[in-house]
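Engineer: This is a predicted model, with the sequence first.
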Amino acid sequence: MNNFREAVDDCGLREVAFEGYRFTYDNGQAGNDNRQCRLDRALCSDEWLNLFPRAKLIHLDREWSDHAPIKLILSRKESTGANRQKLFRFEQIWVGEEGCEDTIRSSWNDDEDLLATLARCAEGFQKWKGVSIGKIMRDINKKRRRLTALNEGGRSVTEVRERRKAVKEIANLLKQEEIFWKHRSRALWLKEGDRNTKYFHRKACQRKQGNYIEKLVDADGREHVGFEAISGIARDYFL
């Protein structure tokens, strides 16, 4: 360890400031057998720190591994997106949820126009809501806050057992998140269980960008931009 510190000093490196629980390693044992220490860190030069003065190292929560993942953030990004009315979509994660089939039965009518029946189903689902990605993320965040408290707490047999339970619950929620983004991405050639959530999310974002209409040209050859103007041209075209 002394040799490591000397090498760091010789190279003129310094540690990036971190946030979160101070220890990044835990052997997962209970009671007096438990060992914790900070093994994982980020080092940088003064020149690098001048380029990224707002850099932060985040100690994330340990889940399956003995080591806590660390995340280097170079700067804080601010959201600049504009809000639009969201279209209704049936989510794959609703299948099998209690109340999903009942919602369809109560809304469906074979004697009525199909479009009207589908619209009533959509209205029924919006009232029922079921499992949404927002709820999944809120539950994940809630479970991870609990996991943070357990990681920083004691190491009794009961607490270690409770931590393992929390890890399993988070894994189940992450599975639901993966299914959601897979459905949105339309990347059906990948099997569920691959835990490719970031890939599915990226594909969904690519689809959203590809579906985005920047402008439309009306019958007189004039270009129109903006949500209201584009919506008006599309509506007039099909009416």
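Structural biologist: Happy to help now that I have it. Residues are numbered from 1 along each chain as shown.

Engineer: Can you find the helix or strand of this protein with the lowest average pLDDT?
Structural biologist: Lowest mean confidence among the helices and strands of the chain (mean pLDDT, DSSP states H and E): helix 197-211, at a mean of 56.

Engineer: Can you give me the separation between the nearest residue to Gly28 once chain neighbours are set aside and Gln29?
Structural biologist: Leaving aside its sequence neighbours, Gly28 sits nearest to Asp66 (C-beta to C-beta, 6 or more residues apart in numbering; 6.1 Å). Placement of C-beta: from N, CA and C, glycine included. Between Asp66 and Gln29 the computed distance is 10 Å (C-beta to C-beta, to the nearest Å).

Engineer: where in this structure is pLDDT low?
Structural biologist: Residues of the chain meeting the criterion pLDDT under 70: 76-87, 92, 96, 129-133, 183-212, 239.

Engineer: need the helices for it, in chain order.
Structural biologist: For the chain, the helices defined by DSSP state H cover 2-10, 46-51, 100-107, 114-128, 133-152, 157-185, 197-211, 227-238.

Engineer: Would you mind giving the domain segments of this protein?
Structural biologist: As assigned by automatic domain parsing, the chain contains the domains 2-73, 92-211.

Engineer: just so I know, which of those domains lies nearest Ile230?
Structural biologist: For Ile230, the closest of the domains of the chain is domain 92-211, at 12.7 Å, according to C-beta to C-beta.

Engineer: tell me, what residue is most central in this structure?
Structural biologist: Centroid-nearest residue in the chain: Met137, 6.5 Å away (criterion: C-alpha atoms, centre = their mean).

Engineer: Phi and psi next, for Leu74.
Structural biologist: Torsion angles at Leu74 (phi, psi; degrees, to the nearest 10) stand at phi -80, psi -40.

Engineer: surely it meets Ile58?
Structural biologist: No - at 11.8 Å, Leu74 does not count as touching Ile58 under the criterion of C-beta atoms under 8 Å.

Engineer: Dig out what Glu15 forms beta bridges with.
Structural biologist: Listed beta-bridge partners, Glu15: Leu43 (assigned using DSSP bridges).

Engineer: quick one: furthest residue from the center of the protein?
Structural biologist: Asp220 (44.4 Å).

Engineer: so how far is Trp108 from the residue nearest to the centre of the chain?
Structural biologist: 31 Å.

Engineer: One more: Asn3?
Structural biologist: 72 Å.

Engineer: who's more crowded, these two?
Structural biologist: Set side by side, Asn3 and Trp108 show more neighbours around Trp108, with 13 against 7, by other C-beta atoms under 10 Å.
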